[in-house]
Structures are given as C-alpha cells and as structure tokens.
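# Mind folding the following:
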Amino acid sequence: MNPVLKVENLQKFYKTKGAVTKAVNHISFEVEQGEYIGIMGASGSGKTTLLNCISTIDKATAGQILIQGQNITALSENKLARFRREQLGFIFQDFNLLDTLTGRDNIALALAINGVKPGQISRLIEQVADDLEIKAILDKYPYEMSGGQQQRVACARAIVTKPSLILADEPTGALDSKSAGMLMESLSILNERKKATILMVTHDAFTASHCKRILFIKDGQIFNELVRGEKSRKKFFDEIMQVISFLGGDNNYAF
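Numbering: from 1, shown residues only. Have a look, this model is predicted:
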C-alpha cells in the first residue's frame, strides 16, 4: 500500500544578498495512513518551511512530494488549488475562522466549496461536532467562543471534508494549558477513531507527546526520530525533552 505522504530528497533554498540559505536540505520520509506525526526543531531549523512545502504554501526548490501517489510539485496552479481543497485539511495557530459566520457555517463552508450537496452538509457537521464535543457552540460566532473552542471548530472544519492529510501548524500556540490539553485530546480522538492522518509542527514537548512519532529537524535535515510505540505519554514526553535538551532547546512546558 502506498504511503499517504512521501517526501523524496526535498530541498528548499533561499538566496539573500548573494548567500544561499538551505532551509530544507535533502529531507526524505514517509507517512502511512493513520499515522500521527510531529515535527520539532529549534527556530530556524526548517520545520515550518518543510510544512509549508508539503501544504503547497511554498514551492520546493528540488525533490518530490507525493500525496496519495500524486506528485504535487508537478501540478499546475489550477490543479494544485483543487488538490489542496480536496485532499488537505489545515489547522492554524490563529484559527482562521470567519468572524461573520457561526461555527456551524464555518464548517459548512468547507463542504460547500467542495460541492457537497446541501442535504448532506448538516449530517456531516453533526457527526464531526459529536466527535469533537462542540455541538453546544455550533451556533455561536467566533467572538462568543473561547480560544480552545475556536480551535476545535477549526479542527472540525479541517476534518469534515475527509482529507487525505491534516496539516497542523503550532495548533496550541495561542491556547492556555487547559485548552491546549483539550485540543490535543480532540486530535488524538480523530486519529484513533477516525484514522485521520496528521502531520503537526510544534515547538512544545507536551503537545508533541500526543503524537505517535516525532521527527526532529536541525539545520534543514532530519536529525533524530522518536517512536512512541507502547510507551506511556509521560515516558514519551521525557524522551522528547531529552532530545530537545541535546539540541539546546529551552522548552520548559511541564507535563
């Protein structure tokens, strides 16, 4: 079976004042269906650039990115826009909800853009709201929700179209510790019950400890990898902190 995501010898270089910065330098890895992968690294390590290339926000200098066997680095702009809409789900740090729409309508918009029939939209929203325990806030506007509630609505919007891959960029970065914990439990539910495939960039060890595998990026390359396996989340957290310490990180988030 083909992996959901296959990154092959990916490179992203930037030229500034005659110098070349290798933000992503010959990175290769695969993500299988139902995996929950974290990407960690210090500021400037290349982790966000890597995610931006995979999410089609940025264009790779060289190498290939295959999602469900489709080489997205070779797609035209029109085909890429359609692919992004149909195959990818996005969760951002700042939620990106439309303030003039209720939670229900923010989620419905993702379905409507994809051409889902009106009769199916309500049913799909109810299903995902049930999974994420947000039924009580569906008819509230973003300004009436807490940050954690807004982010769970954003999660619902990302998953409701059943994308091949969910990409999360520092999803807990704007949340307090309680809201962050609730969000990570929600993502774990999506991964375990719905077999959602998630690739998440984070600087935070607590957030990363919910993942099943962590890729550590240093100087644009994969430096280390941790697999949770049968370990407890506390044990996995401790291992993550050891690697962060070795890399010279300053993550002090308490478990």
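# what about the strands in the stretch 101-250 of the chain?
Using DSSP state E, counting those that start in this stretch, the strands of the stretch 101-250 of the chain run over residues 165-169, 198-201, 213-218, 221-227.
# Can you say which of these is packed in most?
With neighbours defined by mean count of other Cβ atoms under 10 Å, none of those is more surrounded on average than strand 198-201, at a mean of 25. Using the backbone N, CA and C atoms, a C-beta is placed for each residue, glycine as well.
# Please list all residues in contact with the nearest residue to Ala158 once chain neighbours are set aside.
Distances taken as Cβ to Cβ, 6 or more residues apart in numbering put Gly89 closest to Ala158, at 3.5 Å, once the chain neighbours are dropped. Applying Cβ atoms under 8 Å, 6 or more residues apart in numbering to Gly89 gives the contacts 157-159, 161, 163, 165-167.
# do the same with Ala208
If you count contacts by Cβ under 8 Å, 6+ apart, then Ala208 has 38, 40, 200, 202, 214, 240 around it.
# same question, Lys212
Applying Cβ under 8 Å, 6+ apart, we find Lys212 in contact with 35-37, 191, 227-228.
# Now do it against Lys231, distance only.
10 Å (Cβ to Cβ, to the nearest Å).
# what does Met182 give?
From Met182 to Lys231 the distance is 23 Å (Cβ to Cβ).
# quick one, helices of the stretch 1-150 of the chain?
For the stretch 1-150 of the chain, the helices defined by DSSP state H, counting those that start in this stretch occupy 47-54, 77-87, 103-113, 118-132, 147-159.
# Please read off the pLDDT at Glu185 from the model.
Glu185 carries a pLDDT score of 89 in this model.
# go on, Gly18?
77.
# With Asp250 instead?
Per-residue pLDDT puts Asp250 at 51.
# Low-confidence bits of the stretch 151-255 of the chain, can you list those?
249-255 (pLDDT under 70).
# coming back round to it: redo the strands of the stretch 101-250 of the chain as a markdown table? Include distance to Asp130.
A markdown table is the format used below for the strands of the stretch 101-250 of the chain (distance: least, Cβ to Cβ, whole Å):
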| stretch | distance to Asp130 |
| --- | --- |
| strand 165-169 | 18 |
| strand 198-201 | 19 |
| strand 213-218 | 28 |
| strand 221-227 | 31 |
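# The ones you listed: which one's closest to Gly69?
strand 165-169 (12.5 Å; Cβ to Cβ).
# The closest one pairs with which strands?
Applying DSSP bridges, strand 165-169 is found paired with strand 88-91 (parallel), strand 198-201 (parallel).
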